[in-house]
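Colleague: Got a predicted structure plus its sequence, pasted below:
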Number of protein chains: 2
Amino acid sequence: MERITAKYFIETPYDVEVAAAVLAGEQSSGTFVSVPGETEELKQRFAARVESIEHLETVDHPAIPGAVSGKKEYHRANVEVSWSIENFGYNLPVLVSTLQGNLYEITQFTGLKLMELEVPASYGDHFKGPRFGIEGCRKLTGVNDRPLIGTIIKPSLGMTPQQTAELVKTLAEAGIDFIKDDELLSSAANSPFDERVDVIMKVINEHADKTGKKVMYAFNISDEMDSMLKHYEKIVLSGGTCAMVSLNSVGLSGVKKICDQGELAIHGHRNGWGMLNRHPLLGIEFPAYQKLWRLAGVDQIHVNGIQNKFWESDDSVVRSIEACLKPMLGGYSVLPVVSSGQWGGQAPETYRRTKTIDLLYMAGGGIMAHPDGPAGGVVALQQAWQAAVDGLTVEQAAKQYAAFGKSVEKFGKKK
Amino acid sequence: MERITAKYFIETPYDVEVAAAVLAGEQSSGTFVSVPGETEELKQRFAARVESIEHLETVDHPAIPGAVSGKKEYHRANVEVSWSIENFGYNLPVLVSTLQGNLYEITQFTGLKLMELEVPASYGDHFKGPRFGIEGCRKLTGVNDRPLIGTIIKPSLGMTPQQTAELVKTLAEAGIDFIKDDELLSSAANSPFDERVDVIMKVINEHADKTGKKVMYAFNISDEMDSMLKHYEKIVLSGGTCAMVSLNSVGLSGVKKICDQGELAIHGHRNGWGMLNRHPLLGIEFPAYQKLWRLAGVDQIHVNGIQNKFWESDDSVVRSIEACLKPMLGGYSVLPVVSSGQWGGQAPETYRRTKTIDLLYMAGGGIMAHPDGPAGGVVALQQAWQAAVDGLTVEQAAKQYAAFGKSVEKFGKKK
């Protein structure tokens, strides 16, 4: 019988072996006394199995305060646990409950993080995964030999549909590949969803008719289920190619239902991610997280960016990009979305470390506030990536390319 | 214009005032340079507003490691922020993205927890909230003068539908009010959903025909959207009264869609909660969390239990029960589900501290492993609650009530 394997980074005041056994027990049988009917045979078939334990350092202070008192040593370890897929079949929410369920609440742990996840081959038969992925998003935008260049409409809130459409026109003429709503905008008082789609898609369709290039616009449809489906349909009927969902806010069942419609590329925004990840010994790491969303069918997923404005290290961002680009079940291609404080100056380092152009590279102020306006901003980003692939440094690129040089002038002096 | 107010507990290496302004800025405008079109008027209308700041202690070590280097003081504070509901209208996922979004990733914070949430009166017009709540669940089970007594089918996995139905029969005859699937069970290989509903509801319906008492059974429907709706319908057609969803695994949009069906009481399981809450300065506190799910329409929500087997303190559990019982928007009644290591011995303390019998009181081993079998276990729990309301101690209750006395014998000696 196929099994699902999960890797955890744990910290425990108990013997690591004991804690691992508790982990496995809680996530299969789970009661504090033996109960009638729980035979050895059933345990064999359905119990979680501890596959491996790698002992790490012992520390004298628990990673998460307030857990168990009177202990002086906290042992860290990598622990691998597996379950028969008989336990949950092809049910993502129950898989998540099994992987994460009550584990974070068990006193045997003073730290627990889900690091990785392996699903068996039959998951590839059952879950369709991303319908567009990297190749599909390239086809929809006609961009093949460099990252997709994208931006976010700012301010997040307050612009009328008409004002937004004017900005979209400017950006389309500037050569942008992708534009997204801010995740805080959905159908605000002064920018009703349908009206916004109408005026924006008019601009995008006219631009496409004229130039052959259709800008991909990710309308934020995050909402309750029926509204999401209605808004999705509105985008399809208006000739749009993409919808955005806030993964953590909408949740797995809602997001999968949207992905299953199959007509739009789905832009997965991970806002709220810090809550799940910022502590090194609590929550989930991105390599496991992104797999769940690929199974659900998300085509694009946020990975933060090199030298970002948030707390995350470059190493972590690189690991996230690599996780997205690693094939899963022979496919399930997902486009990593690089964003947060990006203006092109990070392109050389991003490329040096990941050696990929399969990215959606997002800049906000980096495009909009370029000295030559948005057109200059888009060109500067394209130049930055050409320079990155050619192995130039930021300084070399600034000399060679005028528009990018102006970006360096304006944005490179910060900090 | 109505506003939504959120309270945060923060820690920052910067001035608290500066950090609070960043919080407000990130969750309304959110880019690192001023951009064209962002007028003062728009800022006034849509910007988040810092309503109050309460300075707390300063510490010399950040709550969350790895954030900003070179700082020696970390200031803690309670901060209240508000947004015009114009920003998101009546959209729960976008509300969540606004309340929690990128906040946890901002370097200005070395700790951030969403503590409370106030929504305006018009939310009461828009969101129907729990269709059953406390009163509805009492009506469905016919239990009026004490907590509903419930149990969980164990082992979680491995039993056939027929074995499960036999256990349900035993429990029904024992006088149980409520039974639930374990959250790890959905439609496992050897217990297909429809078959399980058929045999269990046959037992429950027959018992109801005979005695007039219909046991509420919470079938776990957590799954992708279409399967949840199909399974929901199956329960309705079979005469069931309740369905269970794993709130965090299914997500807000999926859960609301299920609640909106309106025919079954929805049992909200909070597994995964520790990940969102265990760290004192990361995530969300239960008073805010439970409001989101009440808006979505959940009728019953888990609150852990006094002297539970997890890490949570009794104080925290009491606060959670009180939060559930506090009316919201003049209604939105939700039944707190007490569970985890409960056997009746905690009833006196639970009542002493909360003064309520509006609870669904769940015991697993505490019922099933009672010396007189499940019937003894159910009676013992009823006795424990009678004793609790009468102000008896565990010792007094054990003397007065034989069945409960046996529980004390068996479960009271632990630790």
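Modeller: In hand now; what should we look at?
Colleague: shaky segments in the stretch 301-415 of chain A?
Modeller: Applying pLDDT under 70 to the stretch 301-415 of chain A picks out residues A:414-415.
Colleague: could you redo the last one with a cut-off of 80?
Modeller: Within the stretch 301-415 of chain A, the stretches with pLDDT under 80 are A:413-415.
Colleague: List, one by one, the residues from it near chain B.
Modeller: Residues of the stretch 301-415 of chain A lying near chain B by CB under 8 Å from any CB of the partner chain: A:Asn304, A:Lys309, A:Phe310, A:Trp311, A:Glu312, A:Ser313, A:Gly341, A:Gly364, A:Gly365, A:Met368, A:Ala369. C-betas here are computed from N, CA, C, even on glycine.
Colleague: Could you dump those residues into JSON lines and include distance to A:Asn91, secondary structure and neighbour count?
Modeller: Below are those laid out as JSON lines (distance: CB to CB, whole Å; DSSP: H, G, I helix; E, B strand; the rest coil; neighbours: other CB atoms under 10 Å in any protein chain shown):
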{"residue": "A:Asn304", "distance to A:Asn91": "30", "secondary structure": "coil", "neighbour count": "28"}
{"residue": "A:Lys309", "distance to A:Asn91": "38", "secondary structure": "coil", "neighbour count": "18"}
{"residue": "A:Phe310", "distance to A:Asn91": "33", "secondary structure": "strand", "neighbour count": "18"}
{"residue": "A:Trp311", "distance to A:Asn91": "34", "secondary structure": "coil", "neighbour count": "21"}
{"residue": "A:Glu312", "distance to A:Asn91": "31", "secondary structure": "coil", "neighbour count": "23"}
{"residue": "A:Ser313", "distance to A:Asn91": "34", "secondary structure": "coil", "neighbour count": "12"}
{"residue": "A:Gly341", "distance to A:Asn91": "38", "secondary structure": "coil", "neighbour count": "21"}
{"residue": "A:Gly364", "distance to A:Asn91": "38", "secondary structure": "coil", "neighbour count": "25"}
{"residue": "A:Gly365", "distance to A:Asn91": "42", "secondary structure": "helix", "neighbour count": "21"}
{"residue": "A:Met368", "distance to A:Asn91": "43", "secondary structure": "helix", "neighbour count": "24"}
{"residue": "A:Ala369", "distance to A:Asn91": "46", "secondary structure": "coil", "neighbour count": "22"}
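Colleague: Most widely separated two among these?
Modeller: A:Ser313 and A:Met368 (27.1 Å; CB to CB).
Colleague: Find the closest residue to chain B in the stretch 51-200 of chain A.
Modeller: Chain B sits closest to A:Tyr104 of the stretch 51-200 of chain A, with a gap of 2.8 Å, by CB to the nearest CB.
Colleague: Which residue is the nearest non-sequential neighbour of whichever residue of chain A sits closest to chain B?
Modeller: As assessed by CB to the nearest CB, chain B sits closest to A:Gly251 within chain A, at 0.8 Å. Nearest residue to A:Gly251, sequence neighbours excluded (CB to CB, 6 or more residues apart in numbering or on different chains): B:Gly251, at 0.8 Å.
Colleague: Ok, A:Pro374 next?
Modeller: Here the residue nearest A:Pro374, using CB to CB, 6+ apart, is A:Ala174, at 4.4 Å.
Colleague: How many residues are close by the one you found?
Modeller: A:Ala174: 20 surrounding residues under other CB atoms under 10 Å in any protein chain shown.
Colleague: Show the contacting residues for it.
Modeller: By CB atoms under 8 Å, 6 or more residues apart in numbering or on different chains, A:Ala174 lies in contact with A:Ile367, A:Gly373, A:Pro374, A:Ala375, A:Gly376, A:Gly377, A:Val378, A:Val379.
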